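Participant: Fold the following for me, if possible:
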Amino acid sequence: MASQKDIITLPHPSLRTPSKRVGYITDDIKALLTSMTEALLDWEDHREHEVGVALAAVQINQLYRVVVLRNNVDDRNDHSFMILINPEITKYEGEMEEDFEGCLSVKDIYGKIPRYTKVRVKALDIKGKEIRFKAEGFVARTLQHEIDHTNGKMIIDHIKNSEDAFFRLNDKGKLVKINYDKEIKGSSLWS
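Facilitator: Next up is the predicted model:
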């Protein structure tokens, strides 16, 4: 059974490596999906103020273009996930909007990240059937985040030159600004 210990964090080199497309949905890919959801839910079980929303396969050190996205992010008890194999954004729409994002692979850091408010996505489902859909708001943001992972890109890459964009969650579940020069600049995040 996979656990939160299987989730890799920066500066692990796999997180900077583009993932491979999935040619066939094999039993190994199906087992990978199970491991991804187990690791995500176990991570969440160890967090008081955070919810595990989505995970890319690379985050458990499996370089495949596979993403799991929670169907209902407002209900911690809903453990059902949308499966996206070889997901790609076919069109960015709407406005660019900054909002806070965390990442299971960027330990204890949140960033105020600019993202499009709407995206169009195509992917394969678990049966290999092509699906296309439009996402808005938080789901659009999450999809951009996870598809970035499949391309070897991290949230901090969007804000590396913005000293005011780095935050940490305190013990009360509130985001507090991080001292960029002391904690971020020159850290292992950029290795």
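Participant: Strands of the protein, start to end?
Facilitator: With DSSP state E, the ranges of strands along the chain come out as 54-56, 66-70, 81-102, 110-124, 130-136, 166-169, 175-177.
Participant: May I see the ones you listed arranged in TSV, with mean neighbour count as well?
Facilitator: C-beta here means a position set from N, CA and C on the backbone, and glycine is covered the same way. Formatted as TSV, those follow (neighbours: other CB atoms under 10 Å):
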stretch	mean neighbour count
strand 54-56	26
strand 66-70	25
strand 81-102	16
strand 110-124	19
strand 130-136	13
strand 166-169	18
strand 175-177	12
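Participant: Show me the one of these that comes nearest residue 154.
Facilitator: strand 110-124 (9.4 Å; CB to CB).
Participant: report the angle between the axes of the closest one and strand 66-70?
Facilitator: Going by axes from the mean of the first three to the mean of the last three CA atoms, to 10 degrees, strand 110-124 is angled at 110 degrees with respect to strand 66-70.
Participant: could you give me the average pLDDT of strand 110-124?
Facilitator: What strand 110-124 shows for mean pLDDT is 97.
Participant: In the sheet, which strands lie alongside that strand, parallel or antiparallel?
Facilitator: Partners of strand 110-124 in the sheet, by DSSP bridges, are strand 81-102 (antiparallel), strand 130-136 (antiparallel), strand 166-169 (antiparallel).
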